[in-house]
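Colleague: Here is a sequence with its predicted model. Questions after.
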Amino acid sequence: MAQYIVKRIALAIITLFVVSTFTFFLMFLVPGGPFLSEKAPSPATLKALEEKYGLNLPVTQQYKNYMLRLLKGDLGTSLKQRGREVNNIIATRFPVSAKIGAVAILIAVTVGVTLGSIAALNRGKLLDSIIIFFSTCGIAVPGFVVCTVLMYILGLKLNLLPTFGLTSGRHYIMPVIALAFYPMSYISRLMRSCMLDVLNQDYMRTAKAKGLSQWKALFKHALRNAILPVVTYLGPLLAYTLTGSFIVEKIFTIPGLGDSFISSITGRDYPLIMGTTIFLAFLIITMNVIVDIIYKLVDPRIKLS
Amino acid sequence: MKNMPLKIDINSDKSLPLTFHLNPEDFLPAEEEEKQELVVMRESVSFWSDGLRRFRKNKLAMASLFVVIFMLIFAFIIPMFYPYNYYQQIRGSEALAPFEYSEKELAAKEAGEKIFPHVLGTDTLGRDIMARVMMGSRISILVGIVASSIILIIGSVYGAISGYFGGWVDTIMMRVVDMIYTVPDILIIILLSVTLKYPLQNLATKAGFAWINRVGVGLISIFIVFSMLYWVGMARIVRGQVLALKELEYVSAAKALGASHKRIIRKHLLTNCIGTLIVTTTLQIPASIFTESFLSFLGLGVSAPMPSLGSLAATAIDGIYSYPYRLFAPAVTISIIILAFNLLGDGLRDAFDPKLKN
């Protein structure tokens, strides 16, 4: 087990290193520099700016500096928002995204697992067909479609919910639904097929034969086994929620990290792009490692290798 | 004469009731027709006909196949006959509602000219929205198909080599796959599509690379980006299949007959996981379309004036209150395309590769 964990963490660290190196050189490839896009500053100012941010150094030197700072957890200073540190921007922006994301993940998992189980228990009946229909549509509809349809119907036509900002509890409803929609459908499909698998197992028959009540058998035996594949989906789910927030935050104008990432891309704010990418990659990769280890822990049948 | 058992002919020769007088006709060689009737085996069912039979029985899959065909016609054939094209700006016909005519067009109609209605209206620049939605669907479907084909090639060759050779080759190759797998793909895709545009634009100015501009820098960078990251899933699946297939007798037989590694991989291993390849590629198409729409919604996909369903929706969102149909047309179209390809892939999987289901 210890060996597996070490191996898994080592791979994660190498991946992070590769991602950050890759990000750095990709950003370097982009011509035009960050100061050229708007009104062009005078050559002297440009030089001073480049010197200030270390952009005049040779690539290798810049790379070395960058990686050394990265090791200390320092992601650099934003070029566009004068003097603000990337760490600072992430620290103020990320909690907003995290709040929405956490609620969305919670809803996606609970509703998805419940719907999937209900569908499996009612196999072939009307309820099953309805759930299959909606979850099949759910994984086919892109996030921006869900967002805009919600916004149009609930926000503009019925005037029930506010369409932008994040100042009250009601502001959370639409972004959370939009973010949870796809993973919820995915989880309920996954859960349904796993549940059907489990319900046909011998131990379910044994449970019934020894007189366990239906509910007890369901919770003690079926659900516990069927939920395992959902655990493996938690890693991709986090990745989806974080990247899905780009769209949701853009549409509902929420001051989260996704929104700042998109504007940093259009504004070519290199340190902010790199910083956000590495931060998000770190989160996702760490989460994947944790999920993998949890998975092996909760299911002793899986061989460690 | 048919199937008549060999028997003593007593009826024809009553004068000799007790002799074993045999009818010589019974000893004639059997005719071709008779031989055929003795064959009890059914015609062998080939892989394809078996799969096709199962596919045809699946109503949902058949329906989705028709929707896919309809969308292909909608995206590739109808625009040829449609009187407006996606970049044409019609002066005086800006921001029309569906089936609304501009004054100029009304005047022309009065004069007896035939004017084709703007089925979905026009945008603020006077471009016909229907034509743009059709073009956007074409881009989306093209991205899906081309990206999936590239992924198919890279993934299947990589996976087959890794699985076939095994040992340290496999270990190293799979470590690379594991690494790409753990990388958050959307982030890298966004980064790449931001940065790749510039080197590609440079390349397009060089001789021999002018075709890049014709296809569009945005599209090409999407192809590159997708094929760089998404092949790993395909590679894993193919490797798993090849690991099992390479132990089979016919591979040993081919080896004993002196077939080269290349030939074994191409002729025996890859052809035998064709079902998996078809299914995985088909399911990759909607996944690619999904990601492309995400990118172009963020403004990172194809470059203007070329529309994509994602970018059409993105531009329409500002006018959501006044012109909701501008948003719903691309949104509904993309959902239908993805749904149809998803269901088609599921149907193909059930028909050709039932094992893959879980």
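Modeller: Arrived safely, thanks for sending.

Colleague: Run through the residues that contact residue B:311.
Modeller: B:136, B:296-297, B:299, B:301-302, B:304 (CB atoms under 8 Å, 6 or more residues apart in numbering or on different chains). For the C-beta atoms, the positions are set from N, CA and C on the backbone; glycine is no exception.

Colleague: Show me just the buried residues among those residues.
Modeller: Buried members of the contacts of residue B:311, scored by 16 or more other CB atoms under 10 Å in any protein chain shown, are B:136, B:296-297, B:299, B:301-302.

Colleague: restrict the contacts of residue B:311 to those near chain A?
Modeller: Within the set of the contacts of residue B:311, contact with chain A (CB under 8 Å from any CB of the partner chain) is found for B:297, B:299.

Colleague: Mind putting the contacts of residue B:311 into CSV with pLDDT and secondary structure?
Modeller: Formatted as CSV, the contacts of residue B:311 follow (pLDDT from 0 to 100; DSSP: H, G, I helix; E, B strand; the rest coil):
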residue, pLDDT, secondary structure
B:136, 89, helix
B:296, 85, helix
B:297, 85, helix
B:299, 79, coil
B:301, 73, coil
B:302, 76, coil
B:304, 68, coil
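
Colleague: Give me the pLDDT value at residue B:9.
Modeller: Note for residue B:9: predicted pLDDT of 52.

Colleague: same thing with residue A:39?
Modeller: 59.

Colleague: which one of the buried ones among the contacts of residue B:311 is nearest chain A?
Modeller: For those, the closest approach to chain A (CB to the nearest CB) belongs to residue B:297, at 4.7 Å.

Colleague: residues touching the closest one, list them.
Modeller: So, once contact is read as CB under 8 Å, 6+ apart, residue B:297 ends up touching A:142, A:144, A:247, B:310-311, B:313-314.

Colleague: let's go with 7 Å and repeat that
Modeller: Residues counted as contacts of residue B:297 (CB atoms under 7 Å, 6 or more residues apart in numbering or on different chains) are A:144, A:247, B:310-311, B:313-314.

Colleague: now do residue B:201
Modeller: If you count contacts by CB under 7 Å, 6+ apart, then residue B:201 has residue B:217 around it.

Colleague: for the host helix or strand of it, the distance to its chain's centre please.
Modeller: Per DSSP states H and E, residue B:201 falls inside helix B:197-205. Computed by CA atoms, centre = their mean, to the nearest Å, the chain-centroid distance of helix B:197-205 equals 30 Å.

Colleague: Could you give me the buried positions within that helix?
Modeller: B:197, B:200, B:204.

Colleague: Nearest spatial neighbour of the closest residue to chain A within the stretch 151-300 of chain B, chain-adjacent residues omitted?
Modeller: Minimum separation of the stretch 151-300 of chain B from chain A (CB to the nearest CB) falls at residue B:186, amounting to 4.0 Å. Leaving aside its chain neighbours, residue B:186 sits nearest to residue A:243 (4.0 Å; criterion: CB to CB, 6 or more residues apart in numbering or on different chains).

Colleague: so the one you found sits right up against residue B:188, yeah?
Modeller: No: using CB atoms under 7 Å, residue A:243 makes no contact with residue B:188, being 10.7 Å away.

Colleague: so where is the stretch 51-200 of chain B shaky, pLDDT-wise?
Modeller: Scanning the stretch 51-200 of chain B for pLDDT under 70 picks out B:93.

Colleague: one step back: farthest-apart pair in the buried ones among the contacts of residue B:311, please.
Modeller: B:136 and B:299 (14.4 Å; CB to CB).

Colleague: that older thread, what strand or helix carries the residue of the stretch 151-300 of chain B closest to chain A?
Modeller: Using DSSP H and E, residue B:186 falls in helix B:185-195.

Colleague: Check for me that residue B:37 belongs to a strand.
Modeller: No: assigned with DSSP: H, G, I helix; E, B strand; the rest coil, residue B:37 falls outside any strand and is helix.

Colleague: if we can go back for a sec, most neighbours among the contacts of residue B:297, which one is it?
Modeller: Comparing the contacts of residue B:297 on neighbour count, residue B:310 comes out first with 32 neighbours (neighbours: other CB atoms under 10 Å in any protein chain shown).

Colleague: count of neighbours near residue A:216?
Modeller: Quick note: residue A:216 (other CB under 10 Å) scores 11 neighbours.

Colleague: what separates the closest residue in space to it that isn't next to it in sequence from residue A:294, distance-wise?
Modeller: Excluding the flanking residues, the one nearest residue A:216 by CB to CB, 6+ apart is residue A:207, at 7.9 Å. According to CB to CB, to the nearest Å, residue A:207 and residue A:294 sit 25 Å apart.

Colleague: And the two? Which one has more around it.
Modeller: Counted by other CB under 10 Å, residue A:207 and residue A:294 do not tie: residue A:207 has more neighbours, with 19 against 13.

Colleague: Looks like the more buried one contacts residue A:215 (just checking).
Modeller: No: at 11.3 Å, residue A:207 and residue A:215 do not qualify as touching, with contact defined as CB under 7 Å.

Colleague: burial measure for the residue in the stretch 151-300 of chain A positioned nearest to chain B, as a count.
Modeller: At 4.0 Å from chain B, residue A:243 is the closest residue in the stretch 151-300 of chain A, using CB to the nearest CB. For residue A:243, the count of nearby residues is 22 (other CB under 10 Å).

Colleague: Quick check: which element contains it?
Modeller: Using DSSP H and E, residue A:243 sits within helix A:228-251.

Colleague: Give me the buried positions along that helix.
Modeller: By neighbour count on 16+ other CB under 10 Å, the buried set for helix A:228-251 is A:229-251.

Colleague: Contacts for whichever helix or strand comes after that helix next, please.
Modeller: Tracing the chain past helix A:228-251, the next element assigned as helix or strand by DSSP H and E is helix A:257-266. Helix A:257-266 has contacts (CB under 7 Å, 6+ apart) with A:89-90, A:93-94, A:97, A:245-246, A:249-250, A:272-273, A:276, B:190, B:194, B:298.
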